[in-house]
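this is the structure alone, sequence omitted:
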């Protein structure tokens, strides 16, 4: 197993460390964040170290890295951290939940997270620094770098350009391209290709004027 430093101390970083160790994917040795975000010295028994000092404490000749942050700023934060760590000389591991019948022809980049209950069909390509949580990915899909898919469904032959975000429960129809920096919110259905930096939101769920004491649930 590779010895790995995880960038981040949030819930996603905590989850990644747990899954790496639980499934014996890699050996987690520490977490790291930039000094301005350092508010603890350890997390779940692992040390938390300054990212600015990482070359001295965990050099890239002996350790690899995983960037475990969310889709902030349309995934730009994760993208910038990934590129910076690469410039420092680090290579990256993937965190992929062991999935039965995982396609042998899957093409993967680095620093990829694929969570439990994800289903992936054949002829799929996934770029660098992409996170996929509990989603269904259809055949011939091409997912670009720095994307984040959270419990979404991609039909066949869907293309995601870089830094696309797909929210909970959204469905992307077949033969569609989501251009770079597209944001698809929760419970959206996309049936046409998008323009770059498009934003799609589902506004059908609205708060009512009365409270729940007025209802009888049968």
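That came through, no problem. Since we're looking at a predicted model, the values are computed, not measured.

next, give phi and psi for the closest residue to residue 125 other than its chain neighbours.
In space, and not counting its chain neighbours, residue 125 is closest to residue 107: 4.2 Å by CB to CB, 6 or more residues apart in numbering. Yep, even glycine has a C-beta here, placed from its N, CA and C like the rest. Reported as degrees, to the nearest 10, the phi and psi values for residue 107 are phi -100, psi 120.

partners of the most centrally placed residue in the chain in the sheet?
In the chain, the residue lying closest to the centroid (CA atoms, centre = their mean) is residue 131, at 1.9 Å. On the basis of DSSP bridges, residue 131 is bridged to residue 113, residue 148.

what's the pLDDT at it?
Looking at residue 131, its pLDDT is 98.

tell me which residue lies farthest from the centre of the chain.
Computed with CA atoms, centre = their mean, the residue of the chain farthest from its C-alpha average is residue 214, at 41.0 Å.

just name whatever secondary elements the helix or strand encompassing residue 84 is in contact with.
Assessed by DSSP states H and E, residue 84 sits inside helix 76-87. Counting by 3 or more CB pairs under 8 Å, 6 or more residues apart in numbering; DSSP states H and E, the packing neighbours recorded for helix 76-87 are strand 64-67.

burial measure for residue 197, as a count.
By other CB atoms under 10 Å, the residues close to residue 197 number 12.

pull the contacting residues for it.
Applying CB atoms under 8 Å, 6 or more residues apart in numbering to residue 197 gives the contacts 74, 179, 180, 181, 182.

contacting residues around the nearest residue to residue 41 once chain neighbours are set aside?
Nearest non-adjacent residue to residue 41, counting by CB to CB, 6+ apart: residue 48, 5.8 Å away. Residues in contact with residue 48 (CB under 8 Å, 6+ apart) are 9, 30, 31, 32, 33, 38, 40, 41, 42.
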